[in-house]
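In: Make a model of this:
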Amino acid sequence: MTDTKQKILGYALLLFNEKGIENITVRDIAKKMGISHGNLCYHYPTTNDIAYALYQKLVADLDQRISSIPEEDVIMQELISSSRYAIEKFYEYRFLMLDFVSVMRKNIKMATHYKNLELYRNKQFKDVFARLRQYGIVRSEQILGEYDNVINIWFILGDFWMAHAEINFEGTKEEKIGHYSRLIFSLLVPFLTEKGMKMLVDYQTKNSASFGWP
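Out: Numbers count the residues shown, from 1 in each chain. Model prediction:
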């Protein structure tokens, strides 16, 4: 990606987050950058094109984080830190999360990609659960589809926690990220085995400040 495109995306992200994508035009971004409208449109003709490029950057960042399943001795640490990383990234691209439905309705390419991405993420998370069972960290399903339900709730929380926070949560950015990170991770806790709970308690004891555990 060229430097100009990177700069466009950086300024667009700033403006989209500040005022909402509905309230920003390509001309607004060009003015903020100090370049001509035509120059910007050469790279990204519409705000939909810019939004899709930003969405791709977000997906790429998350892909890099969850592309491999860690080994047993660090998997609890990775699960916790990945929960926080995901929330931090969603906050970084919060215009997408706050206007999620509207953006998807207006950007068919993004919506189509997202539906396929969710299927791919579903398989990735199922692989994680399989590895956790292999390590003896989580129990086997007691009711058919238990882990599918957890994965689906993760998707819903990931997509819409920002709207909930915008209306209901009063606190700093760090407090907000910590709160919703813990909510996402807490869905896994009822499924932990005795071994898994020990790993979690050990992590809490050593790292309470970094994750905000009580």
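In: Check which residues of the worst-scoring helix or strand of the chain on mean pLDDT are buried.
Out: Across the helices and strands of the chain, mean confidence by mean pLDDT, DSSP states H and E is lowest for helix 194-211: a mean of 82. Across helix 194-211, burial judged by 16 or more other C-beta atoms under 10 Å covers Gly196, Met199, Leu200, Tyr203, Phe211. Where C-beta positions appear, they are placed from N, C-alpha and C, glycine not excepted.
In: Run the chain-centre distance for it.
Out: Helix 194-211 sits 23 Å away from the centroid of its parent chain (C-alpha atoms, centre = their mean, to the nearest Å).
In: Same check on stretch 43-54?
Out: Worked out by C-alpha atoms, centre = their mean, stretch 43-54 lies 20 Å from the chain centre.
In: do the same with stretch 102-115
Out: Worked out by C-alpha atoms, centre = their mean, stretch 102-115 lies 16 Å from the chain centre.
In: just stretch 150-168 next, same as before
Out: Per C-alpha atoms, centre = their mean, the centroid offset for stretch 150-168 relative to its chain is 10 Å.
In: which other residues reach stretch 62-69?
Out: With contacts defined as C-beta atoms under 8 Å, 6 or more residues apart in numbering, stretch 62-69 is touched by Ile75, Ser82, Tyr85, Ala86, Lys89, Gln124, Asp127, Val128, Arg131.
In: Can I get those in TSV including secondary structure and neighbour count?
Out: Output for the contacts of stretch 62-69, formatted as TSV (DSSP: H, G, I helix; E, B strand; the rest coil; neighbours: other C-beta atoms under 10 Å):
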residue	secondary structure	neighbour count
Ile75	helix	18
Ser82	helix	18
Tyr85	helix	17
Ala86	helix	20
Lys89	helix	17
Gln124	helix	13
Asp127	helix	12
Val128	helix	21
Arg131	helix	16
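In: Looking at these, which two lie furthest apart in space?
Out: Lys89 and Arg131 (22.7 Å; C-beta to C-beta).
In: correct me, but Glu72 touches Leu79?
Out: No: between Glu72 and Leu79 there is no contact, the gap being 11.8 Å when judged by C-beta atoms under 8 Å.
In: what about the two, which has more around it?
Out: Shown here are Glu72 and Leu79; by other C-beta atoms under 10 Å, Leu79 has more neighbours (20 against 14).
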